[in-house]
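K.L.:
mind looking at a prediction? Sequence and model below.
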Amino acid sequence: MTAFLDIRNASRHFGGLKALDDVTFSVEKGEIVSLIGPNGAGKTTLFNLLTGQLAPSHGSVSFMGRDIGRLRPHERARLGFGRTFQISKTLVSMSVLENAMIGAFLNDRSLPKAARHAAAALERVGLDGVAGKRSGDLTLGERRRLEVARALAMRPHLLLLDEVMAGLNQTEVQEIIALVHQLNAEGVTLIVIEHNLKVVRAFSRRVLVLNRGQLLAEGTAEAVLTDPAVVEAYVGGGASS
Ligand SMILES: Nc1ncnc2c1ncn2[C@@H]1O[C@H](COP(=O)(O)OP(=O)(O)OP(=O)(O)O)[C@@H](O)[C@H]1O
Ligand SMILES: [Mg+2]
């Protein structure tokens, strides 16, 4: 059977540094996969390879059986890739709605259509009440949700979330967990980079562990989080639990 997303022998070097080193895995439609690993493990680099922000030094990426290695980020977005960025891409002088529309424009040619999809995405994340506000005036939690809304405005089939819960309070974390489950129930496949292991357990699906650019472990949250090699990588890497 053809995998929904398939990444084979992917490596990415930055000079002498192997940020990703021969990583192979696949994701089935409808999964929520957590991607964890210490700081600098290569998680964001892997997202960049999947969405086309970076080209791999070696290896291939295919989506629904199609080799997408040569496609640009906007072309992958049109196929159904949506993502958030660890370093916020929010344009602070623009309104919340305008920022969400940036995502919508990848798939919508007309302004009213983009505005409609952006407004719907803002409603999904509970930001419809502040749509006209300047984005720079949002709280951190609201800004994270705006990142998610911009990705949702692209109406993705595959959504990649890069540490969207970092720095949020318990209530905000719970809201995003609920949203992730809701999106998944609607058919969206997700890969979630997350340092908070409680959140990883809350998703309780398949977990991939990257360490020094390599796939160190793969399995249920229960299995990988008690794997001595994973514990050692975390202790050595200093990631929080
Ligand atoms: N554009 C780049 N140029 C040079 N080195 C890079 C570049 N992007 C990432 N790196 C390096 O590649 C390694 C992996 O970085 P990456 O951002 O993928 O890690 P990460 O797992 O997302 O870490 P974090 O948990 O801190 O976000 C790091 O050593 C980083 O410094
Ligand atoms: Mg990162």
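P.N.:
That came through, no problem. Ligands and ions are numbered 1, 2, ... in the order given.
K.L.:
the helix or strand hosting L146: what's the following helix or strand?
P.N.:
Secondary structure from DSSP states H and E places L146 in helix 140-152. Remark: after helix 140-152, the chain's next helix or strand is strand 158-162, criterion DSSP H and E.
K.L.:
pull out the buried positions in the helix holding L146.
P.N.:
Buried residues in helix 140-152, counted by 16 or more other CB atoms under 10 Å: G141, E142, R143, R144, R145, L146, E147, V148, A149, R150, A151, L152. Backbone N, C-alpha and C define where each C-beta goes, glycine included.
K.L.:
would you confirm that the third one contacts S88?
P.N.:
So that's R143. Yes: contact criterion CB atoms under 8 Å: R143 and S88 qualify, at 6.1 Å.
K.L.:
tell me which residue of the protein is furthest from the middle?
P.N.:
When distances to the mean C-alpha position of the chain are computed (CA atoms, centre = their mean), the maximum falls on P112, with 27.3 Å.
K.L.:
am I right that that one sits in a helix?
P.N.:
Yes: using DSSP: H, G, I helix; E, B strand; the rest coil, the assignment for P112 is a helix.
K.L.:
on that earlier part again, M165: which of the buried residues of helix 140-152 is nearest?
P.N.:
Comparing these against M165 with CB to CB places R144 closest, at 7.3 Å.
K.L.:
can you pull the contacts of the closest one?
P.N.:
T84, S88, V164, M165, A166, G167, L168, E172, I176 (CB atoms under 8 Å, 6 or more residues apart in numbering).
K.L.:
among those, which ones are buried?
P.N.:
T84, V164, M165, L168, E172, I176.
K.L.:
could you find which two of those are furthest from each other?
P.N.:
Greatest spacing in the buried ones among the contacts of R144, by CB to CB: T84 and E172 (14.5 Å).
K.L.:
hmm, back to that, angle of the helix holding L146 against strand 158-162?
P.N.:
150 degrees (axes from the mean of the first three to the mean of the last three CA atoms, to 10 degrees).
K.L.:
in terms of secondary structure, what does the lowest-mean-pLDDT helix or strand in the chain contact?
P.N.:
Across the helices and strands of the chain, mean confidence by mean pLDDT, DSSP states H and E is lowest for helix 228-237: a mean of 82. With contacts taken as 3 or more CB pairs under 8 Å, 6 or more residues apart in numbering; DSSP states H and E, helix 228-237 sits against strand 206-211, strand 214-220.
K.L.:
now for the residue of the chain found nearest ligand 2: which residues touch it?
P.N.:
Here the chain gets closest to ligand 2 at one residue, T44, 3.2 Å apart by CB to the ion. Going by CB under 8 Å, 6+ apart, T44 touches Q86, D162, I193.
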